[in-house]
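Trainee: generate coordinates for the sequence data below:
(one chain, ligands or ions: 2)
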Amino acid sequence: MAATSISSATNKLTNQKLAFSPQRKSPNTSSTHLSFSHSSISLQKVSISADFKSLNPRASTISNVLKTVQQAEQVSKSLDLDSVAGSTKPTVLVSEKLGEAGLDLLRSFGNVECLYNLSPDELCSKISECDALIVRSGTKVTRQVFEAAKGRLKVVGRAGVGIDNVDLQAATEFGCLVVNAPTANTIAAAEHGIALLAGMARNVAQADASIKAGKWLRNKYVGVSMVGKTLAVMGFGKVGSEVARRAKGLGMNVIAHDPYAPADRARALGVELVSFDQAISTADFVSLHMPLTPATNKVFNDATFAKMKKGVRIINVARGGVIDEDALVRALENGTVAQAALDVFSEEPPSKDSKLVQHENVTVTPHLGASTKEAQEGVAVEIAEAVVGALKGELSATAVNAPMVPPEILSELAPYVILAEKLGRLAVQLVAGGSGIQSVKVVYRSSRDPDSLDTRLLRAMITKGIIEPISDAHINLVNADFTAKQKGLRISEERVLIDSSPENPIQSIQVQISNVQSKFASALSENGNISIEGEVKYGIPHLTRVGPFSVDVSLEGNLILCRQVDQPGMIGRVGNILGESNVNVSFMSVGRVVKRTKALMAIGVDEEPDKDTLRKIGEVSAIEEFVFLDL
Ligand SMILES: NC(=O)C1=CN([C@@H]2O[C@H](COP(=O)(O)OP(=O)(O)OC[C@H]3O[C@@H](n4cnc5c(N)ncnc54)[C@H](O)[C@@H]3O)[C@@H](O)[C@H]2O)C=CC1
Ligand SMILES: O=C(O)C(=O)COP(=O)(O)O
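Mentor: Ligands and ions are numbered 1, 2, ... in the order given. Sure thing, here's the model as predicted:
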């Protein structure tokens, strides 16, 4: 199982050590700048803007780590609350209506000011007197707000799930923790989805308006029945599964599409998990419950509406941005979509003369999904507890932008942090769509005494790598276990004690995903698990094993894995195809189990090859399977 590394860059890279040193730019600013130098990858003086959510998955991993370190520094600084706890009580500004129980809890800890409907300027002029700000979806917490806070604002609490109205990047840069309340409004949102579904099926809103306009239109408002109809739940998470449960009670046949939901959770509710196309082409009603991510942005568009059953009815209680609203108007006009019931819009509030809002077959509500007394009391308590905890400097289970690890541990673990996230990101891409991930095992080989090796950050980064490409969750040290649990993901860890230099905290990290199918069978180890392993070599994370194959490829750029018949000339053939398409190869490594039988080739590429190039690679006769992986 020997591995051969072939790269012109290898020597350069392996001879240079990654230098890493956090430095404060100026003593009177809360923003931290880190310098990072490595001549072969020309990264010097990186100024950080940290935000896990906004990370382009293909952005520099080094800057990810810098962001992580910077976040930890800023957060530990911002949560060093001697100043708050000592002299005066903290001031909490509540800018939107919040349940009384939450307000009471806040009042028991600090000074609470409820100022609703502030203009952006008013918010900016008030914020420098506040240690915490609590908002819902109606307050835009922009970069200007963080700038105007002049370093005093320590925590923003979002009383709800979606945090798209908070500039997370700016929050992190300014050392401000952001927490949300992800569970208390689930039932309310699900009930609102069902209310919209039933109200739409029976034209309740239109009929009500017509009577109030002096009409009595019994023939016009004949509805459709729900019993026996097929409902497709798009996004089978917290809200989606509660909608499914309720729709079953209405006698509906419920199917769901969620590439990452465990099939047994769906089965337990009598729901079949199906492909996207199958869901939308067979459903009479389609209810949207997926997060707004780059993958789901405008996923309902002309092309997808065209695949739907004629006369389909759509409900959206998730986020307006998952629908191309102009395309929905066209689909309503040509009869593909019979009716739509919408609680959320790409712009809120939508313009008064919006064609969509004014369409006679559309029912709208002003983002009321979370608006029940019960949910608002629950959300208020959930967010008040999170904000008070953060102001006391405690770890928060619902923090969305802040790992909390001492800087000295972070700097030692920095390259392993990159490795861990990359391995998670790689492993999840090897899973065949449709097989829900439930069980992940991480094996660390280390000479350190387990008690002196804190792997929480690494586990968090593996979780981040696995979950973030498939959801809008923001994973960090604080919320990783919480989010994994919520998503039904079990992550177990094993430490294998080895005899090596205790200077290196870890020799290797192996990530195994069990009970799933792989889109690249060669990544399966003997026990049928997807298994990949990596090491840090001279500060650079490397992939060192895929299934039973040893390889050695630096985890930068993108990766192509090919399994082929082990024979001469393969490297040249694939290299030529990539070269002809102007795709730069950074590394190549070949591993094999037995000479002249099967080999695995790992190719690092700077650019993403186009479909045609990948097709040509697949057509090389000795190549038995291959996969392109986005690092
Ligand atoms: N209208 C309102 O007032 C409210 C709206 N919401 C919104 O509802 C949505 C769902 O919230 P939760 O259920 O709490 O979140 P969740 O994270 O529990 O569920 C989201 C599900 O979508 C799945 N998913 C990810 N990518 C997908 C894709 N491409 N196709 C299909 N499914 C995909 C995930 O695997 C996950 O299971 C969010 O967008 C949230 O912001 C939530 C509460 C109130
Ligand atoms: O929790 C969410 O994601 C929501 O969309 C609820 O928004 P709201 O707090 O009612 O403005």
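Trainee: just give me the neighbour total for the residue of the stretch 151-300 of the chain found nearest ligand 2.
Mentor: Scanning the stretch 151-300 of the chain for the residue nearest ligand 2 gives residue 160, at 2.7 Å (criterion: C-beta to the nearest ligand atom). C-betas here are computed from N, CA, C, even on glycine. Neighbourhood size, residue 160 [other C-beta atoms under 10 Å]: 26.
Trainee: please apply the same query to residue 206.
Mentor: 18.
Trainee: same thing with the one 4 residues further on?
Mentor: Here the count is done by other C-beta under 10 Å, and residue 210 has 15 residues near it.
Trainee: near ligand 2, which residues of the stretch 101-250 of the chain?
Mentor: 136, 137, 138, 159, 160, 161, 162, 185 (C-beta under 6 Å from any ligand atom).
Trainee: and with 5 Å instead?
Mentor: Residues of the stretch 101-250 of the chain lying near ligand 2 by C-beta under 5 Å from any ligand atom: 136, 137, 160, 161, 162.
Trainee: repeat that for the chain.
Mentor: Counting by C-beta under 5 Å from any ligand atom, the chain sits next to ligand 2 at 136, 137, 160, 161, 162, 370.
Trainee: the helix or strand containing residue 588 packs against which elements?
Mentor: Element membership of residue 588 [criterion: DSSP states H and E] is strand 585-592. Judged by 3 or more C-beta pairs under 8 Å, 6 or more residues apart in numbering; DSSP states H and E, strand 585-592 is in contact with strand 3-6, strand 549-554, helix 570-580, strand 598-605.
Trainee: in its sheet, what does that strand sit against?
Mentor: Partners of strand 585-592 in the sheet, by DSSP bridges, are strand 3-6 (antiparallel), strand 598-605 (antiparallel).
Trainee: quick one: the very next helix or strand once past the longest one to helix 570-580, angle?
Mentor: Put plainly, it is strand 598-605. Counting by DSSP H and E, the next helix or strand C-terminal to strand 598-605 is helix 611-619. Using axes from the mean of the first three to the mean of the last three C-alpha atoms, to 10 degrees, one finds that helix 611-619 and helix 570-580 are set 170 degrees apart in direction.
Trainee: in helix 611-619, what's buried?
Mentor: 613, 614, 616, 617 (16 or more other C-beta atoms under 10 Å).
Trainee: same question, stretch 171-189
Mentor: Result for stretch 171-189 [16+ other C-beta under 10 Å]: buried residues 171-182, 184-189.
Trainee: does ligand 1 sit close to that stretch?
Mentor: Yes: under the criterion of C-beta under 5 Å from any ligand atom, stretch 171-189 makes contact with ligand 1 via 185, 189.
Trainee: state the mean pLDDT of that stretch.
Mentor: Mean pLDDT, taken over the full extent of stretch 171-189, equals 87.
Trainee: can you tell me which of the residues of the chain next to ligand 2 lies nearest to residue 511?
Mentor: residue 161 (28.5 Å; C-beta to C-beta).
Trainee: near the closest one, how many other residues are there?
Mentor: Residue 161 has 26 nearby residues by other C-beta under 10 Å.
Trainee: and for residue 116?
Mentor: 11.
Trainee: re earlier: between the buried residues of helix 611-619, which is closest to ligand 2?
Mentor: Using C-beta to the nearest ligand atom, the buried residues of helix 611-619 come closest to ligand 2 at residue 614, 37.6 Å.
Trainee: let me see the contact set for that closest one.
Mentor: By C-beta atoms under 8 Å, 6 or more residues apart in numbering, the contact set of residue 614 is 560, 626, 628.
Trainee: could you look up the SS state of the last one?
Mentor: I take that to be residue 628. Taking DSSP: H, G, I helix; E, B strand; the rest coil as the rule, one finds residue 628 in the strand state.
Trainee: for ligand 2, see how far away it is.
Mentor: 34 Å (C-beta to the nearest ligand atom, to the nearest Å).
Trainee: could you do the second one as well?
Mentor: Using C-beta to the nearest ligand atom, we find residue 626 at a distance of 40 Å from ligand 2.
Trainee: I figured that residue hits residue 562, correct?
Mentor: Yes: assessed by C-beta atoms under 8 Å, residue 626 is found in contact with residue 562 at 4.1 Å.
Trainee: mind listing what the residue in the stretch 301-450 of the chain positioned nearest to ligand 2 touches?
Mentor: Relative to ligand 2, the nearest point of the stretch 301-450 of the chain is residue 370 (3.6 Å; C-beta to the nearest ligand atom). Contact analysis of residue 370 by C-beta under 8 Å, 6+ apart lists 136, 160, 161, 185, 188, 189, 376, 379.
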